[in-house]
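S.K.: Return a 3D structure for these sequence lines:
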Amino acid sequence: MKNAMQLKAIVKNIAKEKHISAQLVMQKQWDNYQKDFEYATDITFGDACDAVMQWMDLVI
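M.R.: Numbering: from 1, shown residues only. So this is what the prediction gives:
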């Protein structure tokens, strides 16, 4: 079983490999989410990603 730091490194490597296509897909999903949930209209996709990365740093 892999430890948390190894899993974090694996996730980062996969993200780098698939960054462009994944980012386009996720951006579209975020745009759709913003249409469905009014509170999210003022939150950019980049801000949402930054918040997730900060949370991962705290948890892992």
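S.K.: C-alpha from now on. contacts and neighbour counts both.
M.R.: Fine.
S.K.: Around residue 45, how many other residues sit close by?
M.R.: Neighbourhood size, residue 45 [other C-alpha atoms under 10 Å]: 19.
S.K.: And the contacts of the helix or strand hosting residue 57?
M.R.: Per DSSP states H and E: residue 57 is located in helix 45-59. Outside helix 45-59, the residues that touch it by C-alpha atoms under 8 Å, 6 or more residues apart in numbering are 27, 30.
S.K.: tell me which residues in it are buried?
M.R.: Buried residues in helix 45-59, defined by neighbour count with 16 or more other C-alpha atoms under 10 Å: residue 45.
S.K.: just the CA coordinates of the host helix or strand of residue 7, formatted as CSV?
M.R.: Per DSSP H and E: residue 7 is located in helix 4-17. Output in CSV follows, covering the C-alpha atoms of helix 4-17 (Å, rounded to 0.1, in the frame of the first residue of the first chain):
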residue,chain,number,x,y,z
ALA,A,4,-0.1,9.6,1.4
MET,A,5,3.0,11.3,-0.1
GLN,A,6,3.4,8.7,-2.8
LEU,A,7,-0.2,9.0,-3.7
LYS,A,8,0.1,12.8,-3.9
ALA,A,9,3.1,12.5,-6.2
ILE,A,10,1.2,10.0,-8.4
VAL,A,11,-1.8,12.3,-8.7
LYS,A,12,0.5,15.2,-9.6
ASN,A,13,2.2,13.2,-12.3
ILE,A,14,-1.0,12.1,-13.8
ALA,A,15,-2.3,15.6,-13.7
LYS,A,16,0.8,16.9,-15.5
GLU,A,17,0.4,14.2,-18.2
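S.K.: so what does the next helix or strand after it touch, helix or strand wise?
M.R.: Counting by DSSP H and E, the next helix or strand C-terminal to helix 4-17 is helix 19-36. On a contact count with 3 or more C-alpha pairs under 8 Å, 6 or more residues apart in numbering; DSSP states H and E, helix 19-36 meets no helix or strand.
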